[in-house]
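S.K.: pasting the structure only:
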């Protein structure tokens, strides 16, 4: 970062600028609507493979999804949810088209 934004800010403000500190973002709270909104960024890829994803529930660290589509994309969906909702979602359960479930 020192060669990018810090350099530009130091050029504009000189010695008044003391530095940039990296702050950790607060974990987003997971709910059916917040997970659904987050999944909007993946729906295009899922749709292009003839699949779909719908959030069924988010309770006690478990996010349950109705999912149709490739297993590889399911892994990406689980990773995206867990990354966005680190403190809220520990496990993603997929209700699959054949009636089985898959846990990630």
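M.R.: Cool, got the structure. Just so it is clear, the model here is predicted, and its values are computed rather than measured. Numbers count the residues shown, from 1 in each chain.

S.K.: from here on, just use CA atoms for contacts and neighbour counts.
M.R.: Will do.

S.K.: distance of the residue lying farthest from the centre of the chain relative to residue 82?
M.R.: The centre of the chain is farthest from one residue, residue 15, which by CA atoms, centre = their mean lies 38.8 Å away. With distances taken as CA to CA, to the nearest Å, residue 15 is found 41 Å from residue 82.

S.K.: and residue 41, by the same measure?
M.R.: To residue 82, residue 41 is 15 Å away according to CA to CA.

S.K.: who's more crowded, these two?
M.R.: residue 82 (20 against 11; other CA atoms under 10 Å).

S.K.: hmm, that one is touching residue 89, no?
M.R.: Yes: the pair residue 82 / residue 89 is scored as a contact, 5.7 Å apart, by CA atoms under 8 Å.

S.K.: identify all contacting residues around the host helix or strand of residue 67.
M.R.: Take DSSP states H and E as the rule and residue 67 turns out to sit in strand 62-68. Here strand 62-68 makes contact (CA atoms under 8 Å, 6 or more residues apart in numbering) with 50-58, 74, 89-97.
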